[in-house]
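Enquirer: just coords:
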């Protein structure tokens, strides 16, 4: 094993970041700009985590990202990028609508605007009997969001001032801590079809309204209306690569296809870590501090030696529930979907019988991996918003439904992907393509497929190392969010966390904010 000790310093690096996801890249760039020596170690061959692209033939696919918020001036992402002079590093495409909602059960066709005023007016036009309740709900939601965003941005004393000045909003905020989406929307809205539209964005997090945290729903959805909704030109991988390039250009060290295999302690703090590259070469690096932008369960159960992390903390992490994983279909078509009157970027459709929309049916799908009777789902036609992802006259689309890892793990042969696993993937792909073909009204869609890839929870775990292939870190239930979230500080004095396994949960803008926040904590330690 080699040691990369810098002869001019007692430490090789001031900060080592494990994982080049958007939180780690953000923290690394900010700390680098502050004058610290930073190393980022990434297990995969490309930076970004879930924020990445992959290419098959002439088609470029976005792994997971559909849309982000806060890319215009004063928006969350814009202001974070300004911290390291990267606000112009990539082009963002502003969307006119969040998605096109088609409810075949209730014969409703609705385009979800990106403006709150337009949203309220559009919902009132569609549901005039609920006009007052729609206005009341969004007025209250807006106040709570503004309070929470203002409160989060403040330091300790600032939080006290904001809490006193906006005591009424604080009271409402505290009352929502243990509430679900259904708890907060049911007192206002009685029309089921209207509820489905207003809570549709909850579907992005893999939980039904009766289980999803109310505050995560309110602040998460309102951020798209208040800060704008965007897609990234070139895909999310272009965004993460641009930030990684800035990091390297400014003197940061980025190791790809390299994993951290062990953290070495001395007097209860991390002094050194061991890395192993794709060739099996081991190198150790000494460091003053570590930021984990990776799966937290792996950190506390595998990388930290026994006795270095308190037992209670380990049990707390192991007992928490990760978010759902997913099955994702990526399709490259040799036809232009716009010529088939499919001009939407995000088409969200609900269909089928009433019984398909129950909790029991969703759980059946999760447990069986039988996707032949989906209650609905999103179809993202990336080529309609960013034509650079494929040649002219062709199209790129993807479709996603949430999943548990267990049915897929049962098909593995000695933890390896074999014939049973591949047969299962092929069957699921057929089920999805049949659904997509019916929704898009293109009976011979299958004959136009040039590229077809399918990701399962096994795939997502393999490429991100996230526990159970989780998409959003922890499940966003009231008992795991906000005051019950995992702090960015850990029991180890110089080990910190960022990303979706710590405050403030998942989503590109939120994990970038966690990277910005953790950089401040690390600076305090290093000073």
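Expert: Alright, I've got the coordinates. The shown structure was predicted, so the numbers you read here are calculated from the model rather than taken from an experiment.
Enquirer: how far off centre is the helix or strand containing residue 521?
Expert: Per DSSP states H and E: residue 521 is located in helix 508-526. Remark: helix 508-526 is offset 17 Å from the chain centroid, using CA atoms, centre = their mean, to the nearest Å.
Enquirer: same deal with stretch 112-128?
Expert: The answer for stretch 112-128 is 26 Å, by CA atoms, centre = their mean.
Enquirer: also stretch 403-422?
Expert: The answer for stretch 403-422 is 24 Å, by CA atoms, centre = their mean.
Enquirer: now do stretch 32-50
Expert: For stretch 32-50, the distance to the chain centre is 18 Å (CA atoms, centre = their mean).
Enquirer: what does stretch 372-390 give?
Expert: 17 Å.
Enquirer: in the helix holding residue 521, which of the residues would be classed as buried?
Expert: 508-519, 521-523 (16 or more other CB atoms under 10 Å). From N, CA and C alone the C-beta is placed, and that goes for glycine too.
Enquirer: any weak-confidence spans in the stretch 51-200 of the chain?
Expert: 152-155 (pLDDT under 70).
Enquirer: ok, now with 80
Expert: Applying pLDDT under 80 to the stretch 51-200 of the chain flags the ranges 148-166, 168-170.
Enquirer: for it, which segments count as helices?
Expert: Taking DSSP state H, counting those that start in this stretch to define them, one finds helices in the stretch 51-200 of the chain at 76-82, 116-126, 131-153, 156-165, 167-175, 181-185, 192-198.
Enquirer: redo those as a markdown table? Include distance to residue 283 and mean neighbour count.
Expert: Converted to a markdown table, the helices of the stretch 51-200 of the chain look like this (distance: least, CB to CB, whole Å; neighbours: other CB atoms under 10 Å):
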| stretch | distance to residue 283 | mean neighbour count |
| --- | --- | --- |
| helix 76-82 | 31 | 20 |
| helix 116-126 | 51 | 16 |
| helix 131-153 | 38 | 17 |
| helix 156-165 | 40 | 12 |
| helix 167-175 | 47 | 14 |
| helix 181-185 | 48 | 21 |
| helix 192-198 | 53 | 19 |
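Enquirer: closest one to residue 40 among the ones you listed?
Expert: helix 76-82 (16.8 Å; CB to CB).
Enquirer: what residues does the closest one touch?
Expert: Contact with helix 76-82 is made by 26, 68-72, 87, 89, 223, 227, 508-509, 512-513, 515-516, as judged by CB atoms under 8 Å, 6 or more residues apart in numbering.
Enquirer: thinking again about what came up before, for residue 486, find the nearest of the helices of the stretch 51-200 of the chain.
Expert: helix 131-153 (16.1 Å).
Enquirer: by contact count, what packs against that closest one?
Expert: Helix 131-153 sits against helix 116-126, helix 156-165, helix 167-175, helix 214-227, with contacts defined as 3 or more CB pairs under 8 Å, 6 or more residues apart in numbering; DSSP states H and E.
Enquirer: what's the angle from the third one to helix 214-227?
Expert: So the one you mean is helix 167-175. Orientation check (axes from the mean of the first three to the mean of the last three CA atoms, to 10 degrees): helix 167-175 against helix 214-227 gives 130 degrees.
Enquirer: who does helix 167-175 touch, helix- and strand-wise?
Expert: By 3+ CB pairs under 8 Å, 6+ apart, helix 167-175 packs against helix 131-153.
Enquirer: the helix it packs on vs helix 508-526, what angle?
Expert: Using the same axes, to 10 degrees: helix 131-153 against helix 508-526 is 20 degrees.
Enquirer: run the chain-centre distance for helix 131-153.
Expert: 23 Å.
Enquirer: can you name the residues in contact with that helix?
Expert: 116, 119-120, 123-124, 127, 159, 162-163, 166, 169-170, 172-173, 176, 185, 188-190, 194, 198, 215, 218-219, 222-223, 226, 504.
Enquirer: one step back: and of the helices and strands packed on helix 131-153, who's closest to residue 39?
Expert: Of the helices and strands packed on helix 131-153, nearest to residue 39 by CB to CB is helix 156-165, at 30.7 Å.
Enquirer: packing partners for the closest one?
Expert: By 3+ CB pairs under 8 Å, 6+ apart, helix 156-165 packs against helix 131-153.
Enquirer: just to revisit the earlier point, Serialize the helices of the stretch 51-200 of the chain to a markdown table and add fields for distance to residue 387.
Expert: A markdown table is the format used below for the helices of the stretch 51-200 of the chain (distance: least, CB to CB, whole Å):
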| stretch | distance to residue 387 |
| --- | --- |
| helix 76-82 | 23 |
| helix 116-126 | 26 |
| helix 131-153 | 34 |
| helix 156-165 | 45 |
| helix 167-175 | 43 |
| helix 181-185 | 36 |
| helix 192-198 | 29 |
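Enquirer: closest to residue 453 out of these?
Expert: Between the helices of the stretch 51-200 of the chain, helix 76-82 lies closest to residue 453; by CB to CB that is 28.1 Å.
Enquirer: so how far is the closest one off the chain centroid?
Expert: 17 Å.
Enquirer: who does the closest residue to residue 291 other than its chain neighbours form a beta bridge with?
Expert: Spatial nearest neighbour of residue 291, excluding adjacent residues (CB to CB, 6 or more residues apart in numbering): residue 17 at 4.5 Å. With beta bridges defined as DSSP bridges, residue 17 has these partners: residue 40, residue 291.
Enquirer: and stretch 366-374, what's buried?
Expert: So, applying 16+ other CB under 10 Å, buried residues of stretch 366-374: 366, 369, 371, 374.
Enquirer: what sits against the last one?
Expert: The one in question is residue 374. 352, 356, 365, 401, 431, 435.
Enquirer: my guess is it is in a helix, correct?
Expert: No - applying DSSP: H, G, I helix; E, B strand; the rest coil, one finds residue 374 to be coil, outside a helix.
Enquirer: the nearest residue to residue 34 once chain neighbours are set aside and residue 372, how far apart?
Expert: Distance criterion CB to CB, 6+ apart; nearest residue to residue 34, sequence neighbours excluded, is residue 523 at 6.2 Å. According to CB to CB, to the nearest Å, residue 523 and residue 372 sit 53 Å apart.
Enquirer: what's the answer for residue 351, then?
Expert: 13 Å.
Enquirer: hang on, residue 494 packs against residue 286?
Expert: No - applying CB atoms under 8 Å, one finds residue 494 not in contact with residue 286, separated by 11.8 Å.
Enquirer: if we can go back for a sec, quick check, nearest of the buried residues of helix 508-526 to residue 202?
Expert: Distances from residue 202 to the buried residues of helix 508-526, taken by CB to CB, are shortest for residue 510, at 15.7 Å.
Enquirer: give the contact list for the residue nearest to the closest one when sequence neighbours are not counted.
Expert: Closest residue to residue 510 apart from its sequence neighbours, by CB to CB, 6+ apart: residue 504 at 5.2 Å. Residue 504 makes contact with 152, 485, 510, 513-514, according to CB under 8 Å, 6+ apart.
Enquirer: lowest confidence element among the helices and strands of the chain?
Expert: Least confident helix or strand of the chain, by mean pLDDT, DSSP states H and E, is strand 2-3 with a mean of 60.
Enquirer: if we can go back for a sec, so how far is residue 37 from the residue nearest to residue 34?
Expert: On the measure of CB to CB, residue 523 and residue 37 end up 13 Å apart.
Enquirer: repeat for residue 518
Expert: Taken as CB to CB, the span from residue 518 to residue 37 is 17 Å.
Enquirer: what about the residue lying closest to residue 320 once chain neighbours are set aside, neighbour count?
Expert: With sequence-adjacent residues excluded and distances taken as CB to CB, 6+ apart, residue 320 is closest to residue 474, at 5.7 Å. Using other CB atoms under 10 Å, residue 474 has 23 other residues around it.
Enquirer: then the one 3 residues further on?
Expert: Counted with other CB under 10 Å, the neighbours of residue 477 add up to 17.
Enquirer: so it touches residue 213, yeah?
Expert: Yes - the pair residue 477 / residue 213 is scored as a contact, 6.1 Å apart, by CB under 8 Å.
Enquirer: what sits in contact with each of the two?
Expert: residue 180.
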